[in-house]
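Novice: Quick check, what structure comes out for this input:
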Amino acid sequence: MSRRIGMGNVLIQTVIAALLLVMTQVHASNTIDNAINKNSASEARVHTKQVITTVDVGVLATRGVFEAKQRWQPTLIWLQSQIPNSEFRLHPYTLAEMETAVKQQSVDVVVTNPGQAVRLGRQYPLSWLATLNSKLGDGTHVIGSALIVRADSHYQHLVDVSSEKIAAVASNAFGGYLTMQLAVQNKGINPTAFFADVSFLGFPIDAIIYQLRDGYFDAAVVPVCQLESMLEEGLIQPGVFRVLDDISPDNFACALSTELYPNWSIAKTSAISAKLAKKITRALLALPSDHAASIAAYSTGWTPPISQLSVDQLYRDLDMHPLQRPWWQEAAVWIKKNQQWAWVVFLFVLLLSVYHLMLEYRFSRSERKLKATLNRLKEKNAMLEHAQRVAIVGELGSSLAHEINQPLAAILNYSQGGLLRIHKGADASAVVPALEKIQQQVKRADDIVQRLRTLINKRAVAKSSCDMQVLLTDTLELLEYDFQQKNITVSRTCLGNAVALDTDVVGLQQVLLNVLNNAADACLMREASAPINANIRIASQYSDDRLILTITDNGIGLTATSEELQNAFFTTKKDGLGLGLAICRDVIEAHHGQFSLAPADPAGCRVSIHLPLPPQ
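Specialist: Numbers count the residues shown, from 1 in each chain. A predicted model of the protein is given here:
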């Protein structure tokens with residue numbers, strides 16, 4: 001009995017122990033499950049707290065924001081898929097906005113054309129990651145410009161549109177303006193004159209082609225393949241435009257007017273790490289050529305960055321490289337390095353300036369003296385002219401006395417006749433004719449005195465209208481008595497319609513008196529040796545623009561050369577002053593005319609006076 005009880009106790013203890021073991025295992029299992037669950041939750045929490053790296057990508061939007069997103073967003077999606085925990089955000093920019101973003105470091109990566117790439121890379125800390133590889137040409141050199149015109153225009157070559165109305169993107173647009181500017185310069189054309197009427201319309205470039213189509217411009221400068229892209233997209237019709245001076249290579253599908261330069265490039269700013277830049281480069285180089293991102297970017301993928309030397313050379317040739325300094329900065333650097341030579345140059349320039357000032361002072365003083373001397377010479381010349389006129393009046397004394405005596409004698413006769421009629425008891429009507437005759441003779445005497453007074457007075461500088469034929473008549477009236485005493489006949493001819501001249505009347509009459517007196521003296525000198533019929537011929541010929549007055553005598557002719565006779569104080573007369581012909585030449589030249597002497601045929605002298613006529 002007791003044995004069975006003991007065995008029962010053992011059985012009960014065994015069952016209790018088994019239960020305890022099972023409970024222990026269950027508790028352990030629950031503990032492990034709880035631990036596993038806790039670890040899983042912890043891992044989940046860690047995964048949700050991982051940081052997403054945001055990369056801001058600035059792209060040059062040459063054809064507008066929409067086209068830029070269509071072209072480059074697939075590339076950013078590719079990068080985001082290749083670089084875990086990253087987010088690439090697209091920012092389309094204009095040229096100015098791109099430069100501002102790089103300057104302010106508000107973007108991490110930039111995608112732009114080679115012109116802006118070089119300008120930005122020479123001014124800001126950029127590291128180039130890759131170059132876009134194109135399916136055109138060699139793939140890396142595909143940037144250039146095309147000068148397009150309407151197909152129906154008459155322009156055939158680049159030089160034909162010089163100074164015409166030209167449209168372009170911007171003055172600093174590489175593939176739209178700068179490459180064309182260098183091409184124009186290389187052809188020997190002044191770019192400033194060629195682009196004298198250029199208008200910069202900015203992005204998008206499509207609008208430039210539309211305005212050219214609508215006739216607002218004669219030509220347009222656009223990036224290479226822009227025209228072909230719009231044709232492919234159906235934005236313009238075929239055959240509407242032409243490219244001038246196409247020099248595209250055989251394996252190049254687009255027409256262009258300039259050389260080709262490196263393709264677009266991608267670079268990182270200092271805002272992102274080199275580690276992330278390395279991942280971006282690997283992802284770009286791994287982009288397949290047939291991937292949607294490559295197709296959207298008009299490329300076959302990316303290649304390691306290529307040399308931008310040709311772009312640097314372009315900026316140097318155009319004298320606008322970002323590393324070029326203005327001349328005054330170069331001069332300042334040279335002065336700092338060569339201070340001794342700089343002082344030598346400064347002193348040399350200072351001495352030259354002082355010497356120049358001394359020369360200016362001496363020249364100014366000499367000029368004042370010369371002007372004073374010229375004024376005195378003019379005064380003396382005027383006095384000599386006046387003296388010569390007084391001498392002429394003296395020579396004409398007998399002629400003047402005869403001229404005045406004639407009206408005085410007539411007045412005496414008419415007055416005596418009138419008195420006789422009055423004494424005979426005639427009425428007033430019988431005396432009136434005599435009084436009228438007396439009045440006419442008084443007027444004639446007054447005219448003679450006035451002519452004499454005008455001749456004696458100093459010649460006025462002011463000019464007035466004068467009829468040469470009337471002036472000849474007045475002059476011959478002064479000489480009429482003298483010529484009658486010397487048996488000299490005068491004949492006159494006039495060809496053409498007489499035109500009034502704007503002349504110095506007194507000076508011109510002095511010329512006529514001198515020439516006619518000389519002719520009369522020459523005739524008398526010849527007659528002294530052999531009897532002749534002394535005569536003087538006066539011919540006037542009017543043409544469209546000038547009067548040619550020729551006075552010919554049959555006297556002894558020229559006894560010296562024409563140049564000698566016209567020199568002051570040279571004379572062949574015993575009592576002559578040697579001023580007559582010199583004054584004649586000066587007076588005629590003052591009228592912008594010509595005075596010349598020549599032998600006459602068969603004997604005598606011919607004086608020619610050419611005077612310009614006023615425009616009709």
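
Novice: Can you show me the helices along the stretch 151-300 of the chain?
Specialist: 179-186, 191-194, 206-213, 226-232, 274-285, 292-296 (DSSP state H, counting those that start in this stretch).

Novice: for the stretch 401-550 of the chain, same thing?
Specialist: Under the criterion DSSP H, counting those that start in this stretch, helices of the stretch 401-550 of the chain are mapped to 428-456, 468-485, 505-529.

Novice: which of those helices has the lowest average pLDDT?
Specialist: When the helices of the stretch 401-550 of the chain are compared by mean pLDDT, helix 428-456 comes last with a mean of 69.

Novice: For the stretch 1-150 of the chain, which segments are assigned as strands?
Specialist: Per DSSP state E, counting those that start in this stretch, the stretch 1-150 of the chain carries strands over the ranges 53-60, 86-93, 109-112, 127-132, 141-143, 145-150.

Novice: any idea of the angle the lengthiest helix in the chain forms with helix 505-529?
Specialist: Ordering each helix of the chain by length in residues (DSSP state H) puts helix 339-395 first. If you take axes from the mean of the first three to the mean of the last three C-alpha atoms, to 10 degrees, helix 339-395 sits at 60 degrees to helix 505-529.

Novice: picking up where we left off before, as a markdown table, the strands of the stretch 1-150 of the chain with mean pLDDT would be great.
Specialist: Below are the strands of the stretch 1-150 of the chain laid out as a markdown table (pLDDT from 0 to 100):
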| stretch | mean pLDDT |
| --- | --- |
| strand 53-60 | 94 |
| strand 86-93 | 94 |
| strand 109-112 | 94 |
| strand 127-132 | 93 |
| strand 141-143 | 89 |
| strand 145-150 | 94 |
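
Novice: Of those, which is nearest residue 166?
Specialist: strand 145-150 (8.2 Å; C-beta to C-beta). For every residue, glycine as well, the C-beta is placed using N, CA and C.

Novice: Tell me how far residue 58 lies from residue 113.
Specialist: Using C-beta to C-beta, to the nearest Å, we find residue 58 at a distance of 13 Å from residue 113.

Novice: Then residue 439?
Specialist: Residue 439 is 103 Å from residue 113, by C-beta to C-beta.

Novice: domain assignment for this structure?
Specialist: As given by automatic domain parsing, the domain ranges for the chain are 1-46, 53-134+265-295, 145-259, 462-616.

Novice: burial measure for residue 104, as a count.
Specialist: Counted by other C-beta atoms under 10 Å, the residues lying close to residue 104 total 10.

Novice: One more: residue 154?
Specialist: For residue 154, the neighbour count with other C-beta under 10 Å is 8.

Novice: Likewise for residue 260?
Specialist: 21.

Novice: hang on, it packs against residue 145?
Specialist: No - contact criterion C-beta atoms under 8 Å: residue 260 and residue 145 do not qualify, at 10.1 Å.

Novice: so what's in contact with these two at the same time?
Specialist: Contact criterion C-beta atoms under 8 Å, 6 or more residues apart in numbering; residues shared by residue 260 and residue 145: residue 224.

Novice: returning to that earlier point: which of residue 439 and residue 113 has more neighbours?
Specialist: residue 113 (23 against 12).

Novice: Kindly state the beta-bridge partners for residue 198.
Specialist: residue 166 (DSSP bridges).

Novice: That one reaches residue 168, doesn't it?
Specialist: Yes - using C-beta under 8 Å, residue 198 is in contact with residue 168, at 5.8 Å.

Novice: So for these two, which residue has more residues nearby?
Specialist: Using other C-beta under 10 Å, the more surrounded residue of residue 198 and residue 168 is residue 168, with 26 against 19.

Novice: ok, now how distant is the more buried one from residue 200?
Specialist: Per C-beta to C-beta, residue 168 is found 6 Å from residue 200.

Novice: list residues touching both of the two?
Specialist: residue 177.

Novice: Could you measure from residue 482 over to residue 529?
Specialist: Distance, residue 482 to residue 529, by C-beta to C-beta: 21 Å.

Novice: Same question for residue 183.
Specialist: 87 Å.

Novice: Look at these two and report which has more neighbours.
Specialist: More crowded of residue 183 and residue 529, by other C-beta under 10 Å: residue 183, with 22 against 8.

Novice: Excluding chain neighbours, what is closest to the more buried one?
Specialist: residue 258 (4.3 Å; C-beta to C-beta, 6 or more residues apart in numbering).

Novice: Likewise for residue 156?
Specialist: residue 244 (7.2 Å).

Novice: The one you found contacts residue 147, correct?
Specialist: Yes - at 4.8 Å, residue 244 counts as touching residue 147 under the criterion of C-beta under 8 Å.

Novice: Now do the shared contacts for the two.
Specialist: 158, 161, 219, 257.

Novice: Rebuild these as JSON lines, extending it with neighbour count.
Specialist: What follows is these, written out as JSON lines (neighbours: other C-beta atoms under 10 Å):
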{"residue": "158", "neighbour count": "19"}
{"residue": "161", "neighbour count": "23"}
{"residue": "219", "neighbour count": "22"}
{"residue": "257", "neighbour count": "22"}
